[in-house]
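Chemist: What follows is a predicted protein model with its sequence.
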Number of protein chains: 2
Amino acid sequence: MSDPLRLGIAGLGTVGVGVVRIIRQQAALLEARTGRPISISAVSARSQGKDRGVNLSDYQWEDDPVAVAQRDDVDVFVELMGGEDGPAKAATEAALKAGKDVVTANKAMLAINGQVLAELAESKGRAIRYEAAVAGGIPVIKTLMEGLAGNEITRVMGVMNGSCNYILTRMENAGKTYQEIFAEADGLGYLEADPQLDVGGIDAAHKLAILSSIAFGTKVDFDGIQLEGIERISIEDIRAAADMGYKIKLLGVAQRTGRGLEQRMQPCLVPDTSPLAQLDGGTNMVVLEGDAVGQIVLRGAGAGEGPTASAVMADVCDIARGIRGPVFGQPATTLVRAKAALTQLPASYYLRMELVDKPGALAKIATVLGEAGVSIDRMRQYAHENTAAPVLIVTHKTTQSSLDAALANMENTRVMAGVPVALRIEEV
Amino acid sequence: MSDPLRLGIAGLGTVGVGVVRIIRQQAALLEARTGRPISISAVSARSQGKDRGVNLSDYQWEDDPVAVAQRDDVDVFVELMGGEDGPAKAATEAALKAGKDVVTANKAMLAINGQVLAELAESKGRAIRYEAAVAGGIPVIKTLMEGLAGNEITRVMGVMNGSCNYILTRMENAGKTYQEIFAEADGLGYLEADPQLDVGGIDAAHKLAILSSIAFGTKVDFDGIQLEGIERISIEDIRAAADMGYKIKLLGVAQRTGRGLEQRMQPCLVPDTSPLAQLDGGTNMVVLEGDAVGQIVLRGAGAGEGPTASAVMADVCDIARGIRGPVFGQPATTLVRAKAALTQLPASYYLRMELVDKPGALAKIATVLGEAGVSIDRMRQYAHENTAAPVLIVTHKTTQSSLDAALANMENTRVMAGVPVALRIEEV
């Protein structure tokens, strides 16, 4: 029998408990598949006394995660605490310096400190694996890094924050406002302790930054992401988009353009018929496009004990089998600095506005759009009872700068009641 | 610089040419990702003179694939000839015996001879990798074997023959008969030289047998698959299914039941709202279900030069990185013989029949169903102008044996005009 692979786990929240449970319940299966037993030597979490519904008495307890990372009887340090720096980063660095491999679910740490950690790991000949950091149970890191290794990746796209997708689909299904559904989701425990991480798009952007680095061979560049959350999405927009044949999703897109690497996380309209439009609730979807393979779509649970623990265990099993490799798919020292594309590729846009109810108001808006070079594909004015007339416009493909110019000029027409909403329409 | 990984390729059809093209065009990318150059030493195919649109003059030509497999300057033998035995198997065995790794796209060879080849490879410490054998460009082997390694797999399901899916979706969209669309697909070169491999479900069943072995730790068991092709699917069934809210797909399902391993490849009805129902044309979809991860859905091109070559290159890159491992995910000698479940798990069924236009005909059918313990969920009788009345029935969940008993008794009612059609409805 081969030597066991011995884990030290720091962080015993939902995911940590899920990992302990799989290791206890599936010992025979894991050994058959990896050729060696997988065991736990030590664990660490904030509170030792808490009942987590799983038996931890076989494992050594450490109050300090760094102590877990440095134990002689630990081969792999499993970091499930979270946080972009602090104890998670300190313990990860300690583990790598002590010659341990690291498995983590920590998207923030990798999106912000991935490059320095990757260089450290590779200088020590150790792996950092993080399947659980992106899109929960979906093996998207493995698919991108290994399954599509023969491709030049052309675009990476995804709905990768289940909480936002829950809020947007629930607003549509219940016909309630953002504020109402936000409160509901928060009450159900669906949001991070700092909800801004979810609804501000930050969590999803962390994931996009990681995928982007692997896809394009660039240093992970969270700051290069054009980021917008879902807070300004109203039930009116969801209804109006549906009326025009679209759904609104918080969508991440990364692609090379002639002007550099475009990375953005923002609410977009996608056609009703797109696979992305079918996504309900907490489900995630990632779309990967390569020059040889065309389009690959992956769908699965984006969070939760079982799915996330499944992803952690995939990494543990790979390490048990001796599969390591560079952290971001090629040696960290060969990753290039991304040149951020400052403007997005041309797209159609959805515009929703209210116009004062005066003759010629619509003509003025159409004129402003035309003068900025933005042509109208479809336009609807809705019946109204108050003094402002709701108008929807879907433009033909236009540049962001033309659209911004048009929006700026609209201000001066004196026919606008309120600020117009503009959302990008993404072709999928 | 590390030593190059040197390939010998046997078979220069669409896929072989695609592999040559990627290696020539993406040399720098492949080396960055795998840490070593990937080169081609020798190639082999039936006709040396043929213009394949790609420059082969840098490579040694061998008339005999076995000679490619045995060359000293070949590290990996890439088998792209096809066929369950014959030259493909002979050359694969020669390569393994000569200490080479093997990459293949040959589903038939693995479905029929996988166990003996796996035992040979593992006794020599060599790999056989075959991502391209199942679902074209979709990295489903890697996802199942590595990405979900921490799961007990509960069900594997998929639409894995693009030609059949093309025929079924084209029948629906064009409103034409099976015979008409079959002839169209054949004329377009969408079918295998022996079309029975496609429309008889054999090719898809080869793929299912391979997935099943990985999922359940069983010896690959093609003969244990309950197999039925799409030849008897009529345009009337496609229309009637649509009318009841379903699409007809050639669907493979493998799952453990209390009575053994159920493996079947047959035309089934899936709900309109299922991701499987959205699949058009040559696209493939595989659904993997595990106890921890829940449901993972993978979608992509099931065939074609680029997608299949992408899958071959994923295997080549893995070998270049030193990733090997047992052929079916655990050592071949530990795979158990599957006990085939002789009866399928209970399901709802779709029944379409024509009844003679006599009073009491429908009552007789309902009585026969009731006596066999088959209860009716929905029933429709359509207006008709001739002497036979079309009737559709969707049953509640029932066993295959109850249904078979009911169908047998219907023969004796003397109210049937023709043979009824029964199709399983699969919950997805």
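Modeler: Structure's in. What do you need?
Chemist: For beta bridges, what are the partners of A:Leu298?
Modeler: A:Val286, B:Leu298 (DSSP bridges).
Chemist: Cross-check the contact I'm expecting between it and A:Ala135.
Modeler: Yes - contact criterion C-beta atoms under 8 Å: A:Leu298 and A:Ala135 qualify, at 7.5 Å. The way it works is simple: take the backbone N, C-alpha and C, and place the C-beta from them, glycine included.
Chemist: Run through the residues that contact the closest residue to A:Ser212 other than its chain neighbours.
Modeler: Leaving out its chain neighbours, the residue that sits closest to A:Ser212 by C-beta to C-beta, 6 or more residues apart in numbering or on different chains is A:Ala254, at 4.0 Å. A:Ala254 is in contact with A:155-157, A:208, A:211-212, A:215-216, A:261-264, counting by C-beta atoms under 8 Å, 6 or more residues apart in numbering or on different chains.
Chemist: let's see it at 6 Å
Modeler: By C-beta atoms under 6 Å, 6 or more residues apart in numbering or on different chains, the residues touching A:Ala254 are A:156, A:208, A:212, A:263.
Chemist: Can you tell me which of these has the most neighbours?
Modeler: The most crowded member of these, judged by other C-beta atoms under 10 Å in any protein chain shown, is A:Ser212 (31 neighbours).
Chemist: Now that one, what are its backbone angles?
Modeler: Backbone torsions for A:Ser212, taken as degrees, to the nearest 10, come to phi -60, psi -40.
Chemist: Can you show me the helices along chain A?
Modeler: Counting by DSSP state H, chain A has helices at residues A:14-25, A:27-34, A:65-70, A:86-97, A:107-123, A:140-142, A:162-174, A:178-187, A:196-199, A:202-216, A:235-243, A:305-320, A:361-371, A:400-411.
Chemist: returning to that earlier point: if we only consider the contacts of A:Ala254, which is nearest to chain B?
Modeler: A:Val156 (14.5 Å; C-beta to the nearest C-beta).
Chemist: That closest one touches A:Ala209, doesn't it?
Modeler: No - between A:Val156 and A:Ala209 there is no contact under C-beta atoms under 6 Å: 10.7 Å.
Chemist: count of residues packed around the residue of the stretch 251-400 of chain A found nearest chain B?
Modeler: Nearest to chain B, among the residues of the stretch 251-400 of chain A, is A:Met313, at 2.6 Å (C-beta to the nearest C-beta). Per other C-beta under 10 Å, the neighbour tally for A:Met313 reads 28.
Chemist: check contacts around it.
Modeler: Contacts of A:Met313 by C-beta under 6 Å, 6+ apart are A:22, B:150.
Chemist: is it true that A:Arg126 touches A:Lys97?
Modeler: No - using C-beta under 6 Å as the test, A:Arg126 is too far from A:Lys97 to be in contact (9.3 Å).
Chemist: Of these two, which one has the most company?
Modeler: Between A:Arg126 and A:Lys97, counting by other C-beta under 10 Å, A:Arg126 is the more crowded of the two (21 against 15).
Chemist: Before we move on, what's the pLDDT of that one?
Modeler: pLDDT for A:Arg126: 98.
Chemist: Ok, A:Met1 next?
Modeler: 58.
Chemist: same check, this time on A:Tyr190
Modeler: Taking A:Tyr190 on its own, its pLDDT is 88.
Chemist: Now it: closest residue in space that isn't a chain neighbour?
Modeler: A:Ser163 (5.0 Å).
Chemist: what's the closest non-adjacent residue to the residue most central in space within chain A?
Modeler: When C-alpha atoms, centre = their mean is applied to chain A, the residue found nearest the centroid is A:Ala204 (2.8 Å). Nearest non-adjacent residue to A:Ala204, counting by C-beta to C-beta, 6+ apart: A:Asn161, 4.0 Å away.
Chemist: Pull the number of nearby residues for the one you found.
Modeler: Neighbour tally, A:Asn161, other C-beta under 10 Å: 32.
Chemist: Also A:Thr387?
Modeler: The tally of other residues near A:Thr387 (other C-beta under 10 Å) stands at 11.
Chemist: Look up how far A:Ala363 lies from it.
Modeler: Counting by C-beta to C-beta, to the nearest Å, the separation of A:Thr387 from A:Ala363 is 18 Å.
Chemist: likewise A:Glu62?
Modeler: In terms of C-beta to C-beta, A:Glu62 sits 72 Å off from A:Ala363.
Chemist: The two: who's more crowded?
Modeler: Using other C-beta under 10 Å, the more surrounded residue of A:Glu62 and A:Ala363 is A:Glu62, with 21 against 11.
Chemist: That one and chain B: what is the separation?
Modeler: Distance of A:Glu62 to chain B, given as C-beta to the nearest C-beta, to the nearest Å: 24 Å.
Chemist: Next up, the contacts around that residue.
Modeler: A:42, A:44, A:68.
Chemist: How much space separates it from A:Ala45?
Modeler: A:Glu62 sits at a distance of 9 Å from A:Ala45 (criterion: C-beta to C-beta).
Chemist: now do A:Ile376
Modeler: For A:Ile376 relative to A:Ala45 (C-beta to C-beta), the value is 57 Å.
Chemist: Now A:Pro359. Its backbone dihedrals?
Modeler: According to degrees, to the nearest 10, A:Pro359 has phi -60, psi 140.
Chemist: Can you pull the residues of the stretch 101-250 of chain A lying near chain B?
Modeler: Taking C-beta under 6 Å from any C-beta of the partner chain as the test, the list of the stretch 101-250 of chain A residues beside chain B reads A:137, A:139, A:142-143, A:147, A:149-151.
Chemist: Between which two of those residues is the distance greatest?
Modeler: For these, with distances taken as C-beta to C-beta, the pair at the greatest spread is A:Gly137 and A:Gly150 (25.0 Å).
Chemist: Just among the contacts of A:Glu62, which is most surrounded?
Modeler: A:Val68 leads these on contacts (other C-beta under 10 Å) with 29 neighbours.
Chemist: That one: what's it in contact with?
Modeler: A:Val68 sits in contact with A:8, A:10, A:42, A:44, A:62, where contact means C-beta under 6 Å, 6+ apart.
Chemist: mind redoing it with 7 Å?
Modeler: A:8, A:10, A:42, A:44, A:62, A:74, A:77 (C-beta atoms under 7 Å, 6 or more residues apart in numbering or on different chains).
Chemist: Is the second one in contact with A:Pro65, as I believe?
Modeler: So the one you mean is A:Ala10. Yes - between A:Ala10 and A:Pro65 there is a contact under C-beta atoms under 7 Å: 3.7 Å.
Chemist: ok, how many other residues are close to the residue lying closest to A:Glu289 once chain neighbours are set aside?
Modeler: What sits nearest to A:Glu289 in space, not counting adjacent residues and going by C-beta to C-beta, 6+ apart, is A:Arg155, at 4.3 Å. Neighbours of A:Arg155 under the rule other C-beta under 10 Å: 16.
Chemist: if I look at A:Arg155, how far off is chain B?
Modeler: Noted for A:Arg155: a distance of 14 Å to chain B, by C-beta to the nearest C-beta.
Chemist: what's the pLDDT at that residue?
Modeler: pLDDT at A:Arg155 comes out at 97.
Chemist: hey, what's it bridged with?
Modeler: A:Gln255, A:Glu289.
Chemist: contacting residues for it?
Modeler: A:253, A:255, A:289.
Chemist: got a winner among those residues for most neighbours?
Modeler: Result: A:Val253 is most packed of the contacts of A:Arg155 (other C-beta under 10 Å), 24 neighbours.
Chemist: wait, doesn't it sit right on A:Gln266?
Modeler: No - in this structure, A:Val253 is not within contact of A:Gln266 by C-beta under 7 Å, at 8.5 Å.
Chemist: can you count the residues close to A:Glu411?
Modeler: A:Glu411 has 11 nearby residues by other C-beta under 10 Å.
Chemist: From chain B, how far off is it?
Modeler: 42 Å.
Chemist: Let me know the pLDDT of that residue.
Modeler: 88.
Chemist: same check, this time on A:Ala28
Modeler: 97.
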